[in-house]
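[1] The sequence and its predicted three-dimensional model are supplied below.
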Amino acid sequence: MTIPAAPDLDRHVTLPALLFRCLLVSACAGWAFGAVTVALNMASWGPLTGVAAVVGGAAGWAGAGWGWAYVIGRRYGRWPVSAAAAAVFLLAASMAYYSVEAAWSLVRLRTMEPPAYPVPGGDLGYLDASWVELMAGATGELVLWGTVSVLAGVALGVVTSAARRSGVMGLLSRLTLPVGVLLWSGVLLHFELGIQPRPAVVTAHVLAGLMALGAAVVLLQRKRTAVQHRRTMFEG
């Protein structure tokens, strides 16, 4: 999957055509991300549970949306395109997550032994009741997180549009991802340590926080170096 190139954008590609192509690619990428998240959540192997706790959490999804908005914005330089692409990416990811999860739950229901007590509708009546309850819960969650995905995607697209600037606004835009991941990892780590800590999950949150802290330090150091370089050139 490749993001459509944008040669001679202003002369050859209209904004509606550009939006359609970007939204189509964003929907496919978001669907793949949501399906992979479900697969990670269902994994029983220890290290993958830690990865799922980071990737499948709010910080992981916000980070993916931020990254996708940044890639689109850097490619095309138009914040409406990056905002729409991030919103569609996160919405498609939410739809894929709850669709795949519901389908997998239905498969598990059909492989379970029927209950020993009588159920209205015969032996398969419990499947119908469980399926209705499952779909009702999934639909409610999808409406909630679908709305949040659209709003968050638009906000991320607007924020990342300033990431290419060299001033303070550009630095703040670039810092939103590492600072957000650092804070959210700290909150989740606090809750994880407050219950029954899982080594893989604790390790994943610590590593995510350290990488986010390192990224923030690198960004600040690069900004400091750039300021000193400009000052030296001005004084010279």
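    Alright, I've got the coordinates.
[2] I'd like to know how far T176 sits from T232.
    Noted for T176: a distance of 29 Å to T232, by Cβ to Cβ, to the nearest Å. C-beta: built from backbone N, CA, C; applies to glycine.
[3] So for these two, which residue has more residues nearby?
    The neighbour count for T176 versus T232, taken as other Cβ atoms under 10 Å, is higher for T176 (17 against 9).
[4] Would you map out the domains in this structure?
    14-114+123-161, 163-236 (automatic domain parsing).
[5] okay, these, which one's buried deepest?
    Greatest average neighbour count among the domains of the chain goes to domain 14-114+123-161 (a mean of 18), per mean count of other Cβ atoms under 10 Å.
[6] who's in contact with V38?
    For V38, the contact set (Cβ atoms under 8 Å, 6 or more residues apart in numbering) comprises A96, Y97, V100, E101, W104.
[7] helix, strand or coil for the fourth one?
    So that's E101. When classified by DSSP: H, G, I helix; E, B strand; the rest coil, E101 comes out as helix.
[8] For the nearest residue to it once chain neighbours are set aside, grab phi and psi.
    Leaving aside its sequence neighbours, E101 sits nearest to V38 (Cβ to Cβ, 6 or more residues apart in numbering; 5.3 Å). Reported as degrees, to the nearest 10, the phi and psi values for V38 are phi -60, psi -40.
[9] ok, V38 to L207 distance?
    Taking Cβ to Cβ as the measure, V38 falls 22 Å from L207.
[10] same thing with V158?
    Separation of V158 from L207 (Cβ to Cβ) stands at 30 Å.
[11] try Y98
    Taking Cβ to Cβ, one finds Y98 at 28 Å from L207.
[12] give me the low-pLDDT residue ranges for the protein?
    Within the chain, the stretches with pLDDT under 70 are 1-13, 15, 43-50, 52-53, 56, 77, 108-138, 234-236.
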